[in-house]
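K.L.:
predicted structure and sequence below. I'll ask about it afterward.
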Amino acid sequence: MFRAATAQYLKGEMAAARAAAQAVLLKDRHGRRCAERLCHVQDEIIRILYSAATRHLYRSPIPSGAETHGGGRHRRLWPRADGAGVR
């Protein structure tokens, strides 16, 4: 239910952004600015989706080093050239 509701909401927001961008484009005739506005909206939608996925849908019980901003301990998946790191 959360996924479907989120998807429908964001689709509506994207449609509204497209309509607004089109109205501004027809008024000022600046295609590049129109594209920049749409790109900004798409970037924000991607940010929201990523946040929703990592916080609500696929929460990791053991966050990676990247998720803890470099903290935490992670296992090396491949040995270093000198052989260290093999477990």
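P.N.:
Cool, got the structure.
K.L.:
how about low-confidence regions in this structure?
P.N.:
Within the chain, the set of residues satisfying pLDDT under 70 comprises 63-87.
K.L.:
got the residue ranges for the helices in it?
P.N.:
2-28, 31-52 (DSSP state H).
K.L.:
against which helices or strands is the shortest one packed?
P.N.:
Right, the one you point to is helix 31-52. On a contact count with 3 or more C-beta pairs under 8 Å, 6 or more residues apart in numbering; DSSP states H and E, helix 31-52 meets helix 2-28. In this view, the C-beta of every residue, glycine as well, is placed from N, C-alpha and C.
K.L.:
the helix it packs on to helix 31-52, inter-axis angle?
P.N.:
170 degrees (axes from the mean of the first three to the mean of the last three C-alpha atoms, to 10 degrees).
K.L.:
ok, back up a step: can you lay out the helices of the chain as TSV showing mean neighbour count?
P.N.:
Formatted as TSV, the helices of the chain follow (neighbours: other C-beta atoms under 10 Å):
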stretch	mean neighbour count
helix 2-28	12
helix 31-52	13
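K.L.:
rebuild the ones you listed as JSON lines, extending it with distance to Arg59.
P.N.:
JSON lines is the format used below for the helices of the chain (distance: least, C-beta to C-beta, whole Å):
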{"stretch": "helix 2-28", "distance to Arg59": "13"}
{"stretch": "helix 31-52", "distance to Arg59": "11"}
